[in-house]
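>>> Below is the structure, and that's it, no one-letter string:
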């Protein structure tokens with residue numbers, strides 16, 4: 001009994017330190033509906049000052065937004081988004097849209113990674129966003145650099161900007177079904193006209209990246225693209 005008491009006391013003493021070592025971030029601000037999903041527990045509402053542990057999943061509803069501090073990075077989840085926290089320097093983007101600002105010190109010392117279905121984004125930049133779901137993603141880099149590394153195999157890097165169905169429709173103005181068939185043929189053609197197979201793509205400030213499976217396109221950001229960062233930057237200023 002004496003040894004059982006000693007072991008129990010030791011475990012109780014060590015538990016807070018194990019918990020502290022597992023802390024990866026904290027919730028700074030919440031708007032609308034957002035939840036925290038932790039292994040072995042039912043989902044619970046996300047609230048400011050809530051600690052984030054490695055393995056936690058954060059998800060927002062159709063009217064929800066959340067601003068998180070993960071290590072020395074700041075992350076804002078837009079509505080209908082999901083992101084899994086893996087460590088103070090690594091997250092897994094699941095779906096929706098997320099904005100990131102990574103502090104200079106973290107970029108030099110530890111680095112920061114965003115895992116997606118088909119790529120790992122190694123952050124050398126300070127401000128960027130990731131949008132999409134499953135194998136189709138769009139990365140917008142406002143400042144710094146981001147390296148997108150293929151998780152398996154290589155990307156087929158294409159010439160020119162990514163194909164846009166909306167622009168194609170505007171130009172063709174034909175029946176919807178016929179236009180869809182033509183667009184699919186158009187995409188197949190652009191996929192054949194690629195520049196090279198690459199293991200990684202480095203984005204410079206002011207560039208965007210579209211990933212669709214193994215296909216990759218880079219392009220110059222528009223004013224509309226850059227305008228998407230406004231709400232994120234406003235929240236960051238208010239949180240400081």
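Everything's here; your move. A quick note: this is a predicted structure, and the numbers were derived from the prediction, not measured. Numbers count the residues shown, from 1 in each chain.

>>> thinking residue 54 is in contact with residue 39, fair?
No. Between residue 54 and residue 39 there is no contact under CB atoms under 8 Å: 10.3 Å. (C-beta placed from N, C-alpha, C; glycine too.)

>>> which of those two has more neighbours?
residue 54 (15 against 8; other CB atoms under 10 Å).

>>> give me every residue that touches the residue nearest to that one when sequence neighbours are not counted.
Closest residue to residue 54 apart from its sequence neighbours, by CB to CB, 6 or more residues apart in numbering: residue 24 at 4.9 Å. By CB atoms under 8 Å, 6 or more residues apart in numbering, residue 24 lies in contact with 52-54, 56, 70-71, 85-88.

>>> and the gap between residue 24 and residue 140?
25 Å (CB to CB, to the nearest Å).

>>> now do residue 58
Distance from residue 58 to residue 140, by CB to CB: 21 Å.

>>> any idea which of the contacts of residue 24 is closest to residue 207?
residue 70 (24.0 Å; CB to CB).

>>> Give the bridge partners for that closest one, please.
On the basis of DSSP bridges, residue 70 is bridged to residue 25, residue 73.

>>> Secondary structure element for the closest residue to residue 214 other than its chain neighbours, which one?
Ranked by CB to CB, 6+ apart and with sequence neighbours excluded, the top spatial neighbour of residue 214 is residue 156, at 5.5 Å. Here residue 156, judged by DSSP states H and E, is contained in strand 155-158.

>>> helices or strands up against the longest strand anywhere in the chain?
Secondary structure of the chain read by DSSP state E shows that its longest strand is strand 90-102. Using 3 or more CB pairs under 8 Å, 6 or more residues apart in numbering; DSSP states H and E, the elements in contact with strand 90-102 are strand 73-77, strand 82-87, strand 113-115, strand 127-133, helix 230-239.

>>> so where is this structure shaky, pLDDT-wise?
1-21, 104-110, 125, 163-179, 187-195, 240 (pLDDT under 70).

>>> which residues in the chain form helices?
2-21, 104-109, 165-172, 176-192, 223-227, 230-239 (DSSP state H).

>>> circling back to that earlier point, check the burial of the residue nearest to residue 214 by counting its neighbours.
Around residue 156 there are 19 residues (other CB under 10 Å).

>>> Pull up the gap between it and residue 148, please.
Residue 156 is 13 Å from residue 148, by CB to CB.

>>> Touching both of these two, which residues are there?
Joint contacts of residue 156 and residue 148 (CB under 8 Å, 6+ apart) are residue 216.

>>> need the contact list for the nearest residue to residue 213 once chain neighbours are set aside.
The shortest distance from residue 213 to any non-neighbouring residue, by CB to CB, 6+ apart, is to residue 135 (4.9 Å). The contact partners of residue 135, by CB under 8 Å, 6+ apart, come to 117-118, 211-213.
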